[in-house]
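Enquirer: Just a sequence and a predicted model for now, questions to come.
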Amino acid sequence: MSGHMRFQWVFPVVVLGMLAMAALPASACIPGAPKVEFEAQALSCGTAFLEPYNLSLTTEDELFPQTIAFKDKLYVIWQKEDFVETDAVKYHVTMKSFDGSGWTDPLYISSPDMTTPIRSELNLNPRLGASEDTLFIVWTSNEPNWTSGMDDDVVFRFTEDGDSWSEPIEVTGHYNNGLDKLPRVVPFKDKVWFVWETNDPLDSDGADMDIVMRSWDGRELGHVVEVTPPGDAYNDHYVDVAADDENMYFIWMKKNYTSGANIHDIWARVFNGSGFATPPMKISSDATDDNAHPSVAEADGRGYFLWESYDTGKTGDETSVVLRGWTVEEGMGRPTIVSSLTSNGKDTRPTGLWWKDQLYVAWTSTDQGKTFGSDADLLFRVGKLDGDGYVRFDDFIEVSDSMDDFSDRFPSLVVYDDVVNVVWAIDSNYTHLLLPENLVNITIFRSPDVVIQSIDIPFEKSLGLVYTLGTAFPIATIPTTGRVSVTDLLNEPLEGLRVGLQVRKTDESPETSRLWLLEGRGDGIYSLDELVFDKDGTYDIRIMVNNVEAGSFLVDTIPPPPSFMDRFPVTTIFFVVLGVVSGFLLFRMMGRDDVVDELRPVPLGRPSPEETL
């Protein structure tokens, strides 16, 4: 074929190719679009504490911590020592908060300037409570700037955003000259309730210590109501309170002088908002052994009462942790021993938390069958209701380090970002930071610190996930690739999982979602060679690991390239082709006769002599 013949056939092909290229979007003409990695790690902001995290690394006493979650933040409050060599020991109310990425500097709630621990009078035993829109802190104080008289009174502060705080407000009346201490605060129905113990004769019956409560509606304080039985002369101490949507549960310890000088019974009562649903109920045994450190957890219509009892019935065992549950229908259930039935130590300071139909109970123990050494260590158990409505507990789990010689005390449980955490005080020994001459007795000096550690991290939040998309902007209907890297929180790859991508267009119903299963490639990598987004738009992708959602993100796709038929209708294509062919024929017929002769057919017949040579 001659050169001009090749050119004549190439010309229309080039024209058609240019027309097809013009139909493609610009992005489709760029080869090698970059890969994009989506961090779908549930704990990418560090909302779990794999090891004890120290909130108060100082040489001062940090005691009685409590914790609560409020508006996407975690709050921890405690009593901080303010020690001056020439003065008596006094305390500040100290607080830190965590937003998922880091902890704030401490706030000193009991100081006029909350950023500085200004020297003041006693400020003790702070406690937190939260409604949906307000966080409350209540504590005992004899600070003359906001209390009346020299006696201990109950005061509180509140915030709606965690940043701007009210001035301290006194809960106890200005007429009050008695001792008011160990307060609690709990929002219940349309009010906030403060509960404390007092011996003021104007607020309670007699001169003994009684448990009272008072409501606050956001503007005014209500009347003081006595919780404990009227007319008795026995001291009531250490109240704890919790509330669900229907009831408020009280537990406290009452002095029992008939059984001995240092013997207490455990009592409970239930309040439904309009009145008491039960009379005061003695819930400990009739034995002559002591009971102490009561606490209560609410569980959606059920109250769980916990305490420490010396009535163990076992030789060599000092105390046990006892549990009883209460419901409106069934009343008070039978006692359950939460600590070890073969314990040979002291189990004390129990605290409970109801979460996802499970009861978490934490306490400190010197039981050497479960811990090591003579120091107190931190244990917890998780229980579930059986068919008869009683809690059946799993095995014992130790949180603290059995091999240290530091005692662990005052646990408080909290759920933050679906992770169960425990906050407690540990008697860390930082004597190496001080000179021996500054210590009274270096061998027994301890400086308690407040620490936090996660004790139950859901499976889906114990994974590190990175999803890699094959192209920065996938083209709808054109396959791309997908890959998920799965590790644990220690960054170790996880094998043998069932990993899939639940893909749904955001403007379509959940029923339209499609699950793409990925194939394990080893080293924690799961991939899919062809992942197709059917249409252009925004897609919601859920990473499913063992049928549990472990992460999610959004992906935007671009429209697919228009087909040649979409860009050029049939009639247009017909006339374009007709024009190209006509132009080609005219080009062949113009200018030279030999070109025209080439189009004539060769006559049939015998070949000429010249053609046979």
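Expert: Good, I have the coordinates.
Enquirer: got a pLDDT number for the most centrally placed residue in the chain?
Expert: For the chain, Asp417 is the residue whose C-alpha lies nearest the centre (C-alpha atoms, centre = their mean; 1.6 Å). With respect to pLDDT, Asp417 has a value of 90.
Enquirer: Same check on the one 3 residues further on?
Expert: The predicted structure scores Val420 at 96 on the pLDDT scale.
Enquirer: so where does it fall, helix or strand?
Expert: Secondary structure from DSSP states H and E places Val420 in strand 419-426.
Enquirer: moving C-terminal of that strand, what's the next helix or strand?
Expert: strand 449-456.
Enquirer: Relative to that following strand, what are the paired strands and their orientations?
Expert: Paired neighbours of strand 449-456 in the sheet (DSSP bridges): strand 53-54 (antiparallel), strand 419-426 (antiparallel).
Enquirer: how far does that strand sit from the chain's center?
Expert: Averaging C-alpha positions (C-alpha atoms, centre = their mean, to the nearest Å) puts strand 449-456 13 Å from its chain's average.
Enquirer: CA atoms only: put it into PDB for me.
Expert: Taking Å, rounded to 0.1, in the frame of the first residue of the first chain, the C-alpha atoms of strand 449-456 are listed here in PDB:
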ATOM      1  CA  ASP A 449      -2.300  10.100  93.100                       C
ATOM      2  CA  VAL A 450      -5.400   9.900  90.900                       C
ATOM      3  CA  VAL A 451      -5.200   7.500  88.000                       C
ATOM      4  CA  ILE A 452      -7.500   6.200  85.300                       C
ATOM      5  CA  GLN A 453      -7.500   3.000  83.300                       C
ATOM      6  CA  SER A 454      -9.900   1.300  80.800                       C
ATOM      7  CA  ILE A 455     -11.200  -2.100  82.000                       C
ATOM      8  CA  ASP A 456     -13.600  -3.000  79.200                       C
END
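Enquirer: Domain map for this structure?
Expert: Following automatic domain parsing, the chain resolves into domains at 63-407, 469-556.
Enquirer: Quote the end-to-end distance of the first one.
Expert: Right, the one you point to is domain 63-407. 12 Å (C-alpha to C-alpha, to the nearest Å).
Enquirer: burial measure for Ala233, as a count.
Expert: 10 (other C-beta atoms under 10 Å). Yep, even glycine has a C-beta here, placed from its N, CA and C like the rest.
Enquirer: Just confirm it is within a helix.
Expert: No. Remark: Ala233 does not belong to a helix; assigned using DSSP: H, G, I helix; E, B strand; the rest coil, it is coil.
Enquirer: what residues are up against it?
Expert: By C-beta atoms under 8 Å, 6 or more residues apart in numbering, the contact list for Ala233 reads Gly206, Asp208.
Enquirer: Can you list the helices and strands that the helix or strand containing Phe410 packs against?
Expert: Using DSSP H and E, Phe410 maps to strand 408-416. If contacts are counted by 3 or more C-beta pairs under 8 Å, 6 or more residues apart in numbering; DSSP states H and E, strand 408-416 sits against strand 62-70, strand 347-355, strand 358-365, strand 377-385, strand 419-426.
Enquirer: now what about that strand, what contacts it?
Expert: Applying C-beta under 8 Å, 6+ apart, the external contacts of strand 408-416 come out as 47, 63-69, 74, 98, 349, 351-353, 355, 360, 362-364, 375-378, 380, 399-400, 420-427, 448.
Enquirer: between it and strand 419-426, how many degrees?
Expert: Orientation of strand 408-416 against strand 419-426 (axes from the mean of the first three to the mean of the last three C-alpha atoms, to 10 degrees) gives an angle of 160 degrees.
Enquirer: now the helices and strands packed on strand 408-416 in JSON lines, with mean neighbour count and distance to Thr538?
Expert: What follows is these, written out as JSON lines (neighbours: other C-beta atoms under 10 Å; distance: least, C-beta to C-beta, whole Å):
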{"stretch": "strand 62-70", "mean neighbour count": "22", "distance to Thr538": "31"}
{"stretch": "strand 347-355", "mean neighbour count": "23", "distance to Thr538": "34"}
{"stretch": "strand 358-365", "mean neighbour count": "24", "distance to Thr538": "37"}
{"stretch": "strand 377-385", "mean neighbour count": "21", "distance to Thr538": "40"}
{"stretch": "strand 419-426", "mean neighbour count": "25", "distance to Thr538": "30"}
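Enquirer: quick one: which of the ones you listed is nearest Asn177?
Expert: With distances scored as C-beta to C-beta, the stretch of those nearest to Asn177 is strand 62-70 (25.9 Å).
Enquirer: quick one: strands adjacent to the closest one?
Expert: On the basis of DSSP bridges, the sheet neighbours of strand 62-70 come out as strand 73-82 (antiparallel).
Enquirer: before we move on, the earlier item: excluding chain neighbours, what is closest to the residue nearest to the centre of the chain?
Expert: Among residues not flanking Asp417 along the chain, Thr47 sits closest, at 4.0 Å (C-beta to C-beta, 6 or more residues apart in numbering).
Enquirer: can you pull the contacts of the closest residue to Thr104 other than its chain neighbours?
Expert: Distance criterion C-beta to C-beta, 6+ apart; nearest residue to Thr104, sequence neighbours excluded, is Ser97 at 5.0 Å. By C-beta under 8 Å, 6+ apart, Ser97 lies in contact with Lys73, Leu74, Tyr75, Val76, Trp103, Thr104, Gly162.
Enquirer: Show me how far the one helix or strand Ser97 maps to is from its chain's centre.
Expert: In this assignment (DSSP H and E), Ser97 forms part of strand 90-98. On the basis of C-alpha atoms, centre = their mean, strand 90-98 sits 22 Å off its chain's mean C-alpha point.
Enquirer: got it, and stretch 155-172?
Expert: Using C-alpha atoms, centre = their mean, the mean C-alpha position of stretch 155-172 is found 25 Å from that of the whole chain.
Enquirer: Which of the helices and strands in the chain ranks last by mean pLDDT?
Expert: For the chain, the helix or strand with the lowest mean confidence is helix 3-22, at a mean of 43 (criterion: mean pLDDT, DSSP states H and E).
Enquirer: returning to that earlier point: tilt between the strand holding Ser97 and strand 408-416?
Expert: Here the directions of strand 90-98 and strand 408-416 differ by 30 degrees (the same axes, to 10 degrees).
Enquirer: and for the helix or strand following strand 90-98, what are the contacting residues?
Expert: Using DSSP H and E, the next helix or strand after strand 90-98 towards the C-terminus is strand 107-108. For strand 107-108, contacts defined as C-beta under 8 Å, 6+ apart pick out Lys80, His92, Val93, Thr94, Met95, Lys96, Met114, Thr115, Thr116, Pro117, Ile118.
Enquirer: Tell me how many other residues surround the fifth one.
Expert: Met95 is surrounded by 22 other residues when neighbours are defined as other C-beta under 10 Å.
Enquirer: All further residue positions should be reported with the first residue as 28.
Expert: Sure thing, new numbering starts at 28, so read that last one as Met122.
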